[in-house]
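> what follows is a predicted structure for the sequence shown.
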Amino acid sequence: SSPSNRLKSQKDFMATVTDAQPEVVLSNDEILRYSRHLIMPEVAMDGQRKLKAAKVLCIGAGGLGSPLALYLTAAGVGTLGLVDYDVVDYTNLQRQIIHSTNDVGRKKLDSASDKLKALNPFLNLRTFDMKLTSANALDLFREFDIVADGTDNFPTRYLVNDACVLTGKPNVYGSIFRFEGQASVFATEEGPCYRCLYPEPPPPGLVPSCAEGGVLGIMPGLVGVIQATETIKLILGQGDSLAGRLLLIDALGLKFRELKLRKNPDCPVCGTHRTITQLIDYDQFCGIRGQEEPAGNDIPAISVEDLKKKLDAKADVFILDVREPHEYQICNLRGYLIPVGDIPKRASELDSSREIVAHCKVGGRSAKAVNFLRRAGFTKVYNLTGGINAWADRIDPKMPKY
Ligand code: ZN
């Protein structure tokens, strides 16, 4: 179908915004700044005025939020909301390109504000230094036209989706993991929502986070720019949006595929018999509540200081490293390597008469290993509290951290 035909089938919902604000005009400086937009018939003065009138809320100033905020700001989106309460960490810099080395330790909102204001002084930037919750999401979303989801966890992703459905705001979605990415536009008037696709979250712990599983640094760039593209198309009312389609990106094979998505009539939040009519407890829904310390307090543990003392005293301590081989290559305590997933089938390699100290990166996986071994009859196995990162922090500052 021709672009004009496609346009007719897509609701130009920004028309109401510009109609309501006929006073939106561009200064001569803005006309010069956006000249490469203004000479395209699909944007032109009318489209640039729509961009200026638009209010986009970006959830998160991290990996996806970096290119989203930068490109939307450069493009002339008039009002950009940014929600984030995090601080720039050194390990963010590999992909969160809105932040610089000098920003480590600063609030992500402060760091992002500096970059965005420097990029485009015409931007009306609204920062929200808070965690998005069921208590604040609806009021916040009502103040914007479009929500761009740059979150990296399931509770917030479901919260953003439900709040978008309940407030009638399009949800420009993206997610990334390792070499893979996904993007779509959810919760448009006729299109499906995230819950039409995934009614239930995966069991906690089944899907590793970027911090656990890693992510190629360019992936948020690739997916975030797609989200920015979709946001701008929605504002302009141009082209075919990703509503009703899930774009699947495989960077390793460099393949783009797409799945047709349909509105699910049984969807609990946007279907015909809705069971969710207000925001819920998303941590509980995703099974996160109470899981922050999977180690628990009942698992026998040893501190890095006590382990150091034992090793210095040449005590008979067997160090069991339950990380993955590629983590062992980064740093190790010369322990015996059995990845946590292999412990059940390889436990026979261990001598239950010896004192065993199990460790991983920060203590979560090794707690699971200790738990398993205790149940299997090992009585002298202990979890190294804080993992090898605690060892690097408090015993061996020369050891690399990751
Ligand atoms: Zn739905």
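Cool, got the structure.

> what about residue 185, neighbour count?
Residues lying near residue 185 (other C-beta atoms under 10 Å) number 26. Where you see a C-beta, it was placed from the backbone N, CA and C, and this is true even at glycine.

> which SS state does it fall under?
strand (DSSP: H, G, I helix; E, B strand; the rest coil).

> likewise residue 81?
strand.

> residues contacting it?
Applying C-beta atoms under 8 Å, 6 or more residues apart in numbering, one finds that residue 81 lies in contact with 55, 56, 57, 58, 126, 127, 128, 140, 143, 144.

> need these in JSON lines with secondary structure, pLDDT and distance to the ion, can you?
Shown next, in JSON lines, are these (DSSP: H, G, I helix; E, B strand; the rest coil; pLDDT from 0 to 100; distance: C-beta to the ion, whole Å):
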{"residue": "55", "secondary structure": "strand", "pLDDT": "98", "distance to the ion": "24"}
{"residue": "56", "secondary structure": "strand", "pLDDT": "98", "distance to the ion": "22"}
{"residue": "57", "secondary structure": "strand", "pLDDT": "98", "distance to the ion": "20"}
{"residue": "58", "secondary structure": "strand", "pLDDT": "98", "distance to the ion": "22"}
{"residue": "126", "secondary structure": "strand", "pLDDT": "98", "distance to the ion": "28"}
{"residue": "127", "secondary structure": "strand", "pLDDT": "98", "distance to the ion": "30"}
{"residue": "128", "secondary structure": "strand", "pLDDT": "98", "distance to the ion": "26"}
{"residue": "140", "secondary structure": "helix", "pLDDT": "98", "distance to the ion": "21"}
{"residue": "143", "secondary structure": "coil", "pLDDT": "98", "distance to the ion": "23"}
{"residue": "144", "secondary structure": "coil", "pLDDT": "98", "distance to the ion": "20"}
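
> now render those residues as CSV, adding neighbour count.
As requested, the contacts of residue 81 are arranged in CSV below (neighbours: other C-beta atoms under 10 Å):
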residue, neighbour count
55, 17
56, 27
57, 25
58, 30
126, 15
127, 18
128, 16
140, 20
143, 13
144, 19
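
> point out the residues in the protein that sit beside the ion.
193, 195, 196, 267, 270 (C-beta under 5 Å from the ion).

> filter these to the buried ones?
Buried members of these, scored by 16 or more other C-beta atoms under 10 Å, are 193, 195, 196, 267, 270.

> just checking, the last one is part of a strand?
No. According to three-state DSSP, residue 270 belongs to no strand; its state is coil.

> ok, it touching residue 196?
Yes. Using C-beta atoms under 8 Å, residue 270 and residue 196 qualify as a contacting pair, with a distance of 6.6 Å.

> identify the contacts common to the two.
263, 264.

> I'd say residue 185 and residue 164 touch.
No. Using C-beta under 8 Å, residue 185 is not in contact with residue 164, being 10.2 Å away.

> overlap in contacts, those two.
Joint contacts of residue 185 and residue 164 (C-beta under 8 Å, 6+ apart) are 170, 171.

> contacts for stretch 301-317 next, please.
295, 354-357, 382-386, 390-391, 394-395.
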